[in-house]
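S.K.: Sharing a model prediction with you, sequence too.
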Amino acid sequence: MSRARKILGRGGLYTIVGGFALFGAFPFYWMVIATFKRDHDLFNPVANPFLFNEPPTLDHLRLLLFDTHFVTYVLNTLWVGLAVVAITLAVAVPAAYSLARWAKGWGETLGIGIFLTYLVPPTILFIPLSRFASALGLQESLWSLILIYPTFTIPFCTWLLMGFFKTIPKDIEEQAMIDGHSRLGAMFWVVLPLGISGLLTVVVFAFTLSMHEFIYALTFISVSAKKTVSIGVPTELVRGDVFQWGPLMAGALIASIPVAVVYTFFLDRFIAGFTMGAVK
Amino acid sequence: MRRNGKAGIAEPGPKPGIQDHSGQLALCMIAPAILYIAALIGFSFVMAILYSLSDVTTGDPTLRIVGFQNFGAILDNSVFRLALKNTFFFAFTSQILVILLSRIVATALMKEFRGKWLARFLIMLPWTAPISLGTIGWLWMFDSIFSPFDWILRYAGLLGSPDALLGSMQNLFWLGVPGLAMASVIIVHVWRLLPLATVIQLAGLSSIPRDLLEAAEVDGASPWRRTLEITIPLTLPIVSIAFLFGLVFTFTDMTVVYVMTRGGPVHSTQVLSTWTFFKGIEGGDLAQGAAISLFLFPVLAGIAILMLRMVRKSEVV
């Protein structure tokens, strides 16, 4: 009886988990299918759409890589992402260190500050910022994105790093200072190497957040060769009114999966930082 | 903090350099972050308010304050009223679904089973992959002719034959019919936000002390009673935070709607964020665009106040 119930319970568990895993992953499976299907097979409303009814092909991939700006989008995304990571680290590391070591009321104030930035999301800011970018002569330039993306990476990463620095005991840097390091030297040579996992987390998040971003990129950039992956694929891989579904799906797939894999390793830390420590 | 300067210097402190300058150093280190945020977010927010009170357009960017007439004009527009209604409907519907489903997923993921890491990776995919690209996948799945959902329905005999339940047409036209288009957008948002809510719920569930549940079980409390009287009350603060975060995301997101339907058919999926974009950027009426976007602000302010309260409360518990 109880054994039967146990088996039934297991079955139910696998059904639920399997069902949700399918829900989560199905669009990506669908991209894989479309990427490698021949057009004749892809645009056949009768044949089973879940299987390859004709042998798979690399035509869509070839078209994507050689006949579209896709590679440029990837390079643009990398460039913007790396530049945003650099700015975020340069600004957020000292701020977080300072808050972790000297904050008394400040930590609280910063928490409220982060809430205030949630209150003023890109949907409210993109109109004034688009004027601001064109006033600086940055319209149609990747520099506009590099300038503006840190507005959402800095608050978040400062908060995240502050948590990491707090876990490093003060004694270690006091010892380093007795040994002749200055305060900054102690931070640079002793604290940062210990907080390397925190720094790595911040690098991953600043990069993925800027790669995921859509509204600012859509507003500021309309020249095809300057687009990032997140806007280039949905807006440019359409010729006239014709959706090139094969290459389109290939592009979405190639750009999604690597970043998803890396992100997954850091997801728990992301959530912890995201909910401001309310969730432990 | 007023101290006699000379006495301060004369005092032979053990580490004078550190104690005396750390305040300034702290300020110097945090200043760039604050300036960056204040300059770009603070300044832009003020500009958004000024724009909304002016008649600025992309063609004529001089700022002339005209008072509240933009807000009047917006409220008179039936598309705006529809977008406002849609925003609320779609944010609340998708978030209620997300909370219910994420509780089911989280409960399942609390158990140990083989292949858990793979299941977790697949369940998290919608959150970790860039949203605009995931949405493109859905766009193809809701295609008017080649949708796999339509194929299954046809295969099951529910669609496409003269006496079929869902009609004799070969397709449902997911994104071409108002109700279905809204449903499609909601499905994509549920898909997108389910992983975030699941992780938050997981944290909530694992924070419940084991002995509490075991003690209740020993005392003979049924699973239902344990859920109702222990699990739900104890995870309520965290669930509320997941819900409020989700609301902020759905209220302010325009990616899904923009990629899927551009607000169509006939504005049936138009939301405030897309309407802001179409009016303000594509239409060039910066003033009205800014005014539309500011309608989000009171809602977000309310949500933030609630969240702050929740965070405080959960710290007390």
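M.R.: Nice, thanks for sending it over.

S.K.: CA only for contacts and neighbour counts going forward, please
M.R.: Fine.

S.K.: Which elements pack onto the helix or strand where B:F92 lies?
M.R.: In this assignment (DSSP states H and E), B:F92 forms part of helix B:78-110. Contacts defined by 3 or more Cα pairs under 8 Å, 6 or more residues apart in numbering or on different chains; DSSP states H and E place helix B:78-110 against helix A:2-36, helix B:178-206, helix B:232-252, helix B:272-276.

S.K.: just so I know, which of those helices lies nearest B:I152?
M.R.: helix A:2-36 (14.4 Å; Cα to Cα).

S.K.: Show me what that closest one is packed against.
M.R.: Using 3+ Cα pairs under 8 Å, 6+ apart, helix A:2-36 is in contact with helix A:59-67, helix A:245-274, helix B:78-110, helix B:116-128, helix B:131-141.

S.K.: after the helix or strand A:L184 falls within comes which helix or strand?
M.R.: Using DSSP H and E, A:L184 maps to helix A:183-186. Next helix or strand after helix A:183-186 toward the C-terminus (DSSP H and E): helix A:192-194.

S.K.: Quick check: next helix or strand after that next one?
M.R.: Criterion used, DSSP H and E; the element after helix A:192-194 is helix A:196-212.

S.K.: For stretch B:29-36, list every residue counted as buried.
M.R.: B:M29, B:I30, B:P32, B:A33, B:I34, B:Y36 (16 or more other Cα atoms under 10 Å in any protein chain shown).

S.K.: and that stretch, is it in reach of chain A?
M.R.: Yes. Against chain A, stretch B:29-36 shows contacts by Cα under 8 Å from any Cα of the partner chain at B:M29, B:I30, B:A31, B:P32, B:A33, B:Y36.

S.K.: Looking at those, which is nearest B:G115?
M.R.: B:A33 (42.7 Å).

S.K.: how about the closest one, what does it touch?
M.R.: Counting by Cα atoms under 8 Å, 6 or more residues apart in numbering or on different chains, B:A33 makes contact with A:V91, A:A92, A:A95, A:I154, A:P155.

S.K.: next one: A:S130
M.R.: A:Q139, A:T219, A:F220.

S.K.: Residue of chain A nearest chain B, please.
M.R.: Here chain A gets closest to chain B at one residue, A:A95, 4.1 Å apart by Cα to the nearest Cα.

S.K.: distance between the helix or strand in which that residue is found and the chain's centre?
M.R.: Assessed by DSSP H and E, A:A95 sits inside helix A:70-102. Distance of helix A:70-102 from its chain centroid, counting by Cα atoms, centre = their mean, to the nearest Å, is 12 Å.

S.K.: Stretch B:223-231 too?
M.R.: With Cα atoms, centre = their mean as the basis, the mean position of stretch B:223-231 lies at 29 Å from the chain mean.

S.K.: got the buried residues for it?
M.R.: Those would be B:R226, B:T231, for stretch B:223-231 by 16+ other Cα under 10 Å.

S.K.: how near is the residue most central in space within chain B to chain A?
M.R.: Nearest to the geometric centre of chain B sits B:F249, at 1.1 Å (Cα atoms, centre = their mean). Distance of B:F249 to chain A, given as Cα to the nearest Cα, to the nearest Å: 9 Å.

S.K.: on that earlier part again, mind putting the contacts of A:S130 in TSV, neighbour count included?
M.R.: Shown next, in TSV, are these (neighbours: other Cα atoms under 10 Å in any protein chain shown):
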residue	neighbour count
A:Q139	20
A:T219	18
A:F220	24
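
S.K.: Give me the nearest residue to the residue of chain A closest to chain B, chain neighbours excluded.
M.R.: Sequence neighbours aside, B:I30 is the residue nearest to A:A95 in space, at 4.1 Å (criterion: Cα to Cα, 6 or more residues apart in numbering or on different chains).

S.K.: avg pLDDT for whichever strand or helix holds that neighbour?
M.R.: Assessed by DSSP H and E, B:I30 sits inside helix B:16-37. Average pLDDT, helix B:16-37: 72.

S.K.: Now do the end-to-end distance for stretch B:37-57.
M.R.: 26 Å (Cα to Cα, to the nearest Å).

S.K.: same thing with stretch B:263-281?
M.R.: Taking Cα to Cα as the criterion, the two ends of stretch B:263-281 lie 15 Å apart.

S.K.: Report the secondary structure element holding the closest residue in space to A:L119 that isn't next to it in sequence.
M.R.: Distances taken as Cα to Cα, 6+ apart put B:L300 closest to A:L119, at 5.5 Å, once the chain neighbours are dropped. Using DSSP H and E, the element containing B:L300 is helix B:296-316.

S.K.: of all the helices and strands packed on helix A:2-36, which gets the most neighbours per residue?
M.R.: Between the helices and strands packed on helix A:2-36, helix B:131-141 has the highest mean count of neighbours, a mean of 25, where neighbours are mean count of other Cα atoms under 10 Å in any protein chain shown.

S.K.: Need the contact partners of the next helix or strand after that helix.
M.R.: Counting by DSSP H and E, the next helix or strand C-terminal to helix B:131-141 is helix B:148-155. Contacts with helix B:148-155, where a contact means Cα under 8 Å, 6+ apart, come from A:45-46, A:48-50, B:141-142, B:159-161, B:170-172.
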